[in-house]
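Undergrad: okay, predicted coordinates and the sequence, questions at the end:
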Amino acid sequence: MLKWRNMNNNTFTVSGNIIDVVGKRIFKGHVTVEKGVVEMITEGPAMEDHYILPGLIDAHVHIESSMLIPSEFARMAVVHGTVATVSDPHEIANVLGIPGIKFMIGNGKKVPFKFYFGASSCVPATTFETAGATLGVKEIEELLAMKEIKYLSEMMNFPGVLYHDKEVMAKIEIARKMGKPIDGHAPGMRGDDLVRYIGAGISTDHECYSRDEALEKIGKGMKVLIRGGSAARDFEELCGLIDEFPEMVMLCSDDKQADHLVSGHINELVKDAVHRNLDLMNILCSCTLNPVKHYNLEVGLLQKGDPADFITVDNMHDFNVIRTYVNGQLVAEEGNSNIRPVNEIPFNNFNIGPVSPSDIAVPVKPGKLQVQTTLDGHLITGLREAEPKNENGFVISDPEQDILKLVVKNRYSDSQAGLGFIQGFGLKRGAIASCVAHDSHNIIATGTSDDSICRAINLVIKNKGGLALVDGELEDTLPLPFAGIMTVENGYEVAAKYQRMVKLARDMGSQLEAPFMTLSFMALLVIPQLKLSDKGLFDGKNFRFTDLFKI
C-alpha cells in the first residue's frame, strides 16, 4: 500500500522509486508537494517499492468519441494515470461551431484535469458533405488567439495544402505566426506530396498505417503519433519506432469509446510496449516529455517547480496505477475516481423529420455495384464490385453475400440521403444507426432491409441523436443529447449500455469488434478508399464523387 506523509492541507511527501524522464534515470527518493507544485525532490533511502512518474498524456484524442462530455471523460481517464489530453474538438465543432468548442473548454475547466484543445482546421472536413457549422479563417484566428487553444488541429484537407488553397494556407499561416504547432492528417501520403505537405509547416501525423510510411515521414522531419484507439490500432505495426526514434514519437488514442475507457487508456500502450521489451525511458517519454515539449503544455514532468502532475504504479511490468495527482490533488486512488460529476444543460443542432423506405430506395441501373468494404480495426476501406440484388427493379441488401445497404442522412435539414452498399458488417437481420458519424455527424445506418434501416434512423431522429438498433420487434437506443454525440450520464453506465448494444449487434451477425464505432467512420471522406456522405458515394483516393454503378 502507498505510504505518504501529510504535512498539512497543502503539503505532502510521496516516497518510492522516482522515474526522472528528463534526466533519464530511476532513483530512490522523496517528492514533496506544496500548494500543487513539486517543492522538492530528495534522493535517498525509501521503504516503498512502488514507482513515481509523470502523469500520462494522450497526444491526440477526440473526447467526443467517448460519447462523454469532457468532465466525465476525465473522471474515467484519471483512474488509468492520464492527467492531460491534446484534444481536437472538431466533432462538436462540425455540429455547433465555436460555441461547441467553448463548451468543451468550459466544461473541462470544471474538473482537475488538463485538457488542451486545438482550433479545428477543417470544419466541415470537406465540401462534399453537409455539416452544422463552418470555421473559416476569421473563426480560426479567433480560436488560435485564445490561451486555451494550443495548436491548429489536424489538417485533413491535404489537397488544399498540396494545391495551395487560399483559405487552407491562410489558416496555416495564422498558426505559424502565433507560434502554435500544426497537426497533420495524411494517410498514405508519400514522396513529393509529403515533402510539400510538411513544407507547409505541418509537424505531426497520426494516420500512418504502415511502418514504411511512418519511417518516410520521420525521415522528412514529421513526428509520428502511434495510435491505440477503439477503431484504429496501429501500435503493433509502429511501436518499434519508440526505440528507433525516441524523440519523434508520441502515443495517442485518437478515438476512445466509453467501454474501452473502462479498461484502460494510454497506460495500456505503455504496458504493451514494456512487454515488448522496448526501452522504458523511451516509452515513458513518448507519453510525457515529448507531448509537453511539442505542444508547450503546462503539465508537470516531476521536476522541481513543476505542477504536481504525477502517478504512482506498483511496478513497471504490470503497470497498475495506484494513485493519480493533478496539480497536487489526489484525483484517483486504487481504481476509483475522486472527480465529482458535473451537470450541464444539453444543446443540439438537429432539424429533420422521419424517413420512409421510399426515401432510401435505389433503382437498378446498368453495371455492377461499387461496394465499400470494411477492415476491422482500421479506418481505411476498400472497394469491390458486385452484382446487385434486384427486387422489383430496386437494389436491396443481400445479407447472404454480406452486402448491406448503407445510408447517410443529413441531420441539419431535410434532403435526399446518400445511398451506397457495404460489405464487412455481417448483419443477418435488423439494422443499426448512429449520428456519431465522422466528421459532420449526420445519421449513418446499415441493415438487412429498407424497413429496418428506416426504423433505426427514425429512432435516432426521435432522440435527436445517439445510437439505435432494430432487430425484429426489439428496439434499443443510447440517447446522446449533447450535440447528438455526447451525454452527461455516468461514463460507466454509458459503457454498459453501449456494450449491451454491441452484444445485440453481434447477436444479429456482426463479427466486428466495434460495429458502431466502425460504422461511424464509414462517412469519413478524408480516409480512403470508398466512403459515403449525405451527398453521395465518394472516392477518397481521387477526392471526388463516384457513381454507385460501374459499367
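TA: Perfect, I can see it now. Numbers count the residues shown, from 1 in each chain.

Undergrad: poorly predicted segments of the stretch 251-400 of the chain, please.
TA: For the stretch 251-400 of the chain, applying pLDDT under 70 flags the ranges 377.

Undergrad: same question for the chain.
TA: 1-9, 229-233, 377.

Undergrad: can you do 50?
TA: The chain contains residues with pLDDT under 50 at 1-8.

Undergrad: now do the helices in the stretch 151-300 of the chain.
TA: 158-162, 166-177, 191-199, 211-219, 235-238, 241-244, 258-263, 266-275, 280-286, 289-295 (DSSP state H, counting those that start in this stretch).

Undergrad: now do the second one: which elements does it pack against?
TA: Which is helix 166-177. If you count contacts as 3 or more CB pairs under 8 Å, 6 or more residues apart in numbering; DSSP states H and E, helix 166-177 packs onto helix 137-144, strand 149-155, helix 158-162, strand 182-184. C-beta here means a position set from N, CA and C on the backbone, and glycine is covered the same way.

Undergrad: redo that, cut-off 6 Å
TA: Contact partners of helix 166-177 among helices and strands, from 3 or more CB pairs under 6 Å, 6 or more residues apart in numbering; DSSP states H and E: helix 137-144.

Undergrad: what lies in contact with the helix it packs on?
TA: Contact with helix 137-144 is made by Ile98, Ala119, Ile149, Glu167, Ala170, Lys171, Ile174, Ala175, Met178, Lys180, as judged by CB atoms under 6 Å, 6 or more residues apart in numbering.

Undergrad: what's the answer for stretch 350-361, then?
TA: With contact meaning CB under 6 Å, 6+ apart, stretch 350-361 is reached by 394, 407, 411-414, 417, 450-451, 454, 457-458, 461, 464, 484.

Undergrad: if we can go back for a sec, just among the contacts of helix 137-144, which is most surrounded?
TA: Ala119 (31 neighbours; other CB atoms under 10 Å).

Undergrad: now Glu34, what are its backbone angles?
TA: Main-chain torsions, Glu34, degrees, to the nearest 10: phi -140, psi 120.

Undergrad: now do Lys409
TA: Torsion angles, degrees, to the nearest 10, at Lys409: phi -110, psi 120.

Undergrad: in this structure it contacts Ile443, no?
TA: Yes. In this structure, Lys409 is within contact of Ile443 by CB atoms under 6 Å, at 4.3 Å.

Undergrad: rebuild the contacts of helix 137-144 as a markdown table, extending it with distance to Thr381.
TA: Below are the contacts of helix 137-144 laid out as a markdown table (distance: CB to CB, whole Å):
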| residue | distance to Thr381 |
| --- | --- |
| Ile98 | 32 |
| Ala119 | 29 |
| Ile149 | 32 |
| Glu167 | 28 |
| Ala170 | 32 |
| Lys171 | 28 |
| Ile174 | 33 |
| Ala175 | 30 |
| Met178 | 36 |
| Lys180 | 33 |
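
Undergrad: how long is stretch 157-175 from one end to the other?
TA: 16 Å (CA to CA, to the nearest Å).

Undergrad: list the buried residues in that stretch.
TA: Of the residues in stretch 157-175, Asn157, Phe158, Gly160, Val161, Leu162, Val168, Met169, Lys171, Ile172, Ile174, Ala175 count as buried by neighbour count, 16 or more other CB atoms under 10 Å.

Undergrad: partners of the helix or strand containing Thr312, with directions?
TA: Per DSSP states H and E, Thr312 falls inside strand 310-313. Sheet pairing of strand 310-313 (DSSP bridges) gives strand 51-54 (antiparallel), strand 321-326 (antiparallel).

Undergrad: need the contact list for Ala211.
TA: Check again: residue 211 is Arg, not Ala. Residues near Arg211 by CB under 6 Å, 6+ apart: Glu237.

Undergrad: also Asn349?
TA: By CB under 6 Å, 6+ apart, Asn349 lies in contact with Val95, Leu96, Gly132.

Undergrad: ok so, going back, quick one: closest of the helices of the stretch 151-300 of the chain to Thr13.
TA: helix 280-286 (22.3 Å; CB to CB).

Undergrad: now for the closest one, which elements pack on it?
TA: With contacts taken as 3+ CB pairs under 6 Å, 6+ apart, helix 280-286 sits against helix 241-244, strand 249-252.

Undergrad: SS state for Pro99?
TA: With DSSP: H, G, I helix; E, B strand; the rest coil as the basis, the three-state label of Pro99 is helix.

Undergrad: how much space separates the residue nearest to it when sequence neighbours are not counted from Lys177?
TA: Excluding its sequence neighbours, the residue lying closest to Pro99 (CB to CB, 6 or more residues apart in numbering) is Phe347, at 7.9 Å. For Phe347, the distance to Lys177 equals 33 Å [CB to CB, to the nearest Å].

Undergrad: higher neighbour count, the two?
TA: Neighbour count, other CB under 10 Å: between Phe347 and Lys177, Phe347 has more, with 13 against 10.

Undergrad: quick check: phi and psi on that one?
TA: According to degrees, to the nearest 10, Phe347 has phi -140, psi 160.

Undergrad: just the one 5 residues further on next, same as before
TA: In this entry, Ile352 is assigned phi and psi values of phi -130, psi 160 (degrees, to the nearest 10).

Undergrad: so that it lines up with my notes, have the first residue be 37 from now on.
TA: Okay, residue one is now 37; in that scheme the one you just asked about reads as Ile388.

Undergrad: how close does it sit to Leu104?
TA: Between Ile388 and Leu104 the computed distance is 25 Å (CB to CB).

Undergrad: more neighbours: which of those two?
TA: Using other CB under 10 Å as the criterion, Ile388 and Leu104 rank with Leu104 on top: 28 against 17.

Undergrad: mind listing what that one touches?
TA: Taking CB under 6 Å, 6+ apart, we find Leu104 in contact with Ala294, Gly527.

Undergrad: now do Ala155
TA: Ile176, Leu179, Leu180, Ile185, Leu188.

Undergrad: quick check: closest non-adjacent residue to it.
TA: According to CB to CB, 6+ apart, the nearest residue to Ala155 is Leu179 (3.7 Å).

Undergrad: next, count neighbours for that neighbour.
TA: Neighbour count of Leu179, defined by other CB under 10 Å: 25.

Undergrad: what's the answer for Val328, then?
TA: Per other CB under 10 Å, the neighbour tally for Val328 reads 23.

Undergrad: pull the contacting residues for it.
TA: Val335.

Undergrad: and it, how far from His242?
TA: From Val328 to His242 the distance is 17 Å (CB to CB).

Undergrad: what's the answer for Met522, then?
TA: Going from Met522 to His242 by CB to CB gives 22 Å.

Undergrad: make sure Glu421 is indeed in a helix.
TA: No. Glu421 is assigned strand when assessed by three-state DSSP, not a helix.

Undergrad: I'd say it and Thr409 touch.
TA: No. Using CB under 6 Å, Glu421 is not in contact with Thr409; the gap is 10.7 Å.

Undergrad: which of those two has more residues huddled nearby?
TA: Taking Glu421 and Thr409 together and counting by other CB under 10 Å, Thr409 has the greater number of neighbours (17 against 11).

Undergrad: who's in contact with that one?
TA: Thr417, Gly418, Arg420, Gln459, Gly460.

Undergrad: now do Asp350
TA: Applying CB under 6 Å, 6+ apart, we find Asp350 in contact with His86, Asn356.
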